[in-house]
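Undergrad: sequence first, then the predicted structure:
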Protein chains: 2
Amino acid sequence: MTRTVGSTAADTGARLRQAALQLFARHGYAAVSMRQIAAEIGVQVGGLYNHIPDKQTLLFRLLSEHMAELLEAVEAAEIPAEPLPALEAFTRFHIRHHAARPEQVFISYMELRNLSPENFALLEAQRQDYEARLSAILERGAAAGVMQVEDARMATMAIIAMLTGVNTWFRETGRLSLGQVEEVYWGMVRRMVAA
Amino acid sequence: MTRTVGSTAADTGARLRQAALQLFARHGYAAVSMRQIAAEIGVQVGGLYNHIPDKQTLLFRLLSEHMAELLEAVEAAEIPAEPLPALEAFTRFHIRHHAARPEQVFISYMELRNLSPENFALLEAQRQDYEARLSAILERGAAAGVMQVEDARMATMAIIAMLTGVNTWFRETGRLSLGQVEEVYWGMVRRMVAA
DNA sequence: GTCTATATGATGATAGAC
DNA sequence: GTCTATCATCATATAGAC
């Protein structure tokens, strides 16, 4: 109410990112024009460049913030020390976290090609950091004799792929609640590494 | 040697599809121009339109031929009738078939957005036909008591996602042969549905 | 911070000669 | 079946007024 005239769109930067995220997820980075993004948030094209240096950087920021948020969240999830409870916590965390932000997950898989080599390398490092947490759980479980893991790297890739795959078919309006999905997937993961 | 003059590029249509496949896989459908494709096969842009009606149809044909080839191949694979041997055969077939054509698999997942609703529906039907084969195996295994499957639909999605995920990391020059990968993945799938 | 105007070049597709 | 030439449109990004 006491806003200064001209500050009605003070958070144009945030709205720009939100609009870009949704448009990129729906149509793909290369298929979305700066004009479309500008129209979506109600400004002219030229005005966008007050908030981002170029389209490429806009994409990178979306992807890298998604990865940073993922690492922060898994840290905050306080995964237990014991291998089996840790695997259960990781499984449930991954499903829940990814189901809550489908657009980010989608563009994180689809638009990696459109990053510069340097930016791609930065993101890869973050991704490997995340995957290493699961690998460590599996290795501790195998060492403790409570899990059977023939190859920790392959088991990691298999589990991540199967959990992230939930996003391709899960719909909030579907026959299953996310809780039920978590339950069944945890059962499959547990048996997959059963000692 | 006895070729008619002018027929040196008799298979321009085939080369066009091959070039488009590789360029779409590398850079994405929307990021590839008809000029790039023409340059890749050594013709002028206008000449492309003797072989395809438009860029969109070119993409659809690549995707739909990939799905037709997959269904043909799984048919030819002669999956056994017994549930457990059938699951093993399906697992190995899926990994081998997909590893042999990474570009087709890649664009089949990445470029679905760029299809018209009608073409998308056609492809979806083919995909569901393929997935239904795995679901049927799991249901027969559960009914026979040789598998534990809480939810056949979710188990199908989980297994397909984890198997197709091999394509994201497997390299022929890596530390593992495809045979070793098959072996380990079959072990994980078998335990996942262990009765 | 947003606007208008513009630079500069690429895009998919077609027409018509050979 | 391939070529050249062209249409009409769209692209990203910048300059400078307000």
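TA: Sure, I can see it. As the structure is a computational prediction, the values presented were derived from the model and not from experiment.
Undergrad: give me the pLDDT for the residue in chain A that DNA strand C sits nearest to.
TA: Relative to DNA strand C, the nearest point of chain A is A:Gly46 (2.5 Å; C-beta to the nearest atom of the strand). In this view, the C-beta of every residue, glycine as well, is placed from N, C-alpha and C. Looking at A:Gly46, its pLDDT is 96.
Undergrad: check A:Thr57 too.
TA: In this model, A:Thr57 is scored at 96, pLDDT.
Undergrad: thinking again about what came up before, burial measure for the residue of chain A closest to DNA strand C, as a count.
TA: When neighbours are defined as other C-beta atoms under 10 Å in any protein chain shown, A:Gly46 has 9 of them.
Undergrad: secondary structure element holding it?
TA: Using DSSP states H and E, A:Gly46 sits in helix A:45-48.
Undergrad: packing partners for that helix?
TA: helix A:34-41 (3 or more C-beta pairs under 8 Å, 6 or more residues apart in numbering or on different chains; DSSP states H and E).
Undergrad: buried stuff in the helix it packs on?
TA: Applying a neighbour-count criterion of 16 or more other C-beta atoms under 10 Å in any protein chain shown, one finds A:34, A:37-38, A:40-41 buried in helix A:34-41.
Undergrad: before we move on, the earlier item: close to DNA strand D, is the helix holding A:Gly46?
TA: Yes. Applying C-beta under 7 Å from any atom of the strand, one finds helix A:45-48 touching DNA strand D at A:45-46.
Undergrad: what comes into contact with the helix or strand just after that helix?
TA: Toward the C-terminal end, the helix or strand that comes next after helix A:45-48 (DSSP H and E) is helix A:55-76. Helix A:55-76 is contacted from outside by A:16-17, A:20-21, A:24, A:29, A:34, A:52, A:90, A:93, A:97, A:101, A:104-105, A:107-108, A:111-112, A:114-116, A:119, A:122-123, A:126-127, A:129-130, A:133, using C-beta atoms under 8 Å, 6 or more residues apart in numbering or on different chains.
Undergrad: do that again at 7 Å, thanks
TA: A:17, A:20-21, A:24, A:29, A:34, A:52, A:93, A:97, A:104, A:107-108, A:111, A:114-116, A:119, A:122-123, A:126-127, A:129-130, A:133 (C-beta atoms under 7 Å, 6 or more residues apart in numbering or on different chains).
Undergrad: report the buried residues of the very next helix or strand once past that helix.
TA: Per DSSP H and E, the first helix or strand lying C-terminal to helix A:55-76 is helix A:83-99. Neighbour counts over helix A:83-99 (16+ other C-beta under 10 Å) mark A:83-84, A:86-99 as buried.
Undergrad: and stretch A:99-118, by the same measure?
TA: Judged by neighbour count (16+ other C-beta under 10 Å), stretch A:99-118 contains these buried residues: A:99, A:101, A:103-108, A:110-111, A:114-115.
Undergrad: now narrow these to whatever sits close to chain B.
TA: For chain B, the contacts drawn from the buried residues of stretch A:99-118 by C-beta under 7 Å from any C-beta of the partner chain are A:Met110.
Undergrad: which residues are in contact with the residue nearest in space to the middle of chain A?
TA: In chain A, the centroid-proximal residue (C-alpha atoms, centre = their mean) is A:Val105; its distance is 4.0 Å. Going by C-beta under 7 Å, 6+ apart, A:Val105 touches A:98, A:164, A:167.
Undergrad: 10 Å instead, please
TA: Residues in contact with A:Val105 (C-beta atoms under 10 Å, 6 or more residues apart in numbering or on different chains) are A:25, A:66, A:70, A:97-99, A:164, A:166-168.
Undergrad: a helix runs through it, doesn't it?
TA: Yes. Counting by DSSP: H, G, I helix; E, B strand; the rest coil, A:Val105 falls inside a helix.
Undergrad: separation between it and A:Glu69?
TA: 11 Å (C-beta to C-beta, to the nearest Å).
Undergrad: now swap in A:Asp11 and tell me
TA: Distance of A:Asp11 to A:Glu69, computed by C-beta to C-beta: 18 Å.
Undergrad: go on, A:Gln180?
TA: According to C-beta to C-beta, A:Gln180 stands 26 Å off from A:Glu69.
Undergrad: same thing with A:Gln148?
TA: Noted for A:Gln148: a distance of 33 Å to A:Glu69, by C-beta to C-beta.
Undergrad: more neighbours: these two, which one.
TA: A:Gln148 (16 against 13).
Undergrad: phi and psi next, for the more buried one.
TA: phi -110, psi 110 (degrees, to the nearest 10).
Undergrad: pull the contacting residues for it.
TA: A:138, A:141-142, A:155, A:192-195, B:187-188, B:191.
Undergrad: okay, who's weakest in these by pLDDT?
TA: Ranking the contacts of A:Gln148 by pLDDT puts A:Ala195 at the bottom, with 92.
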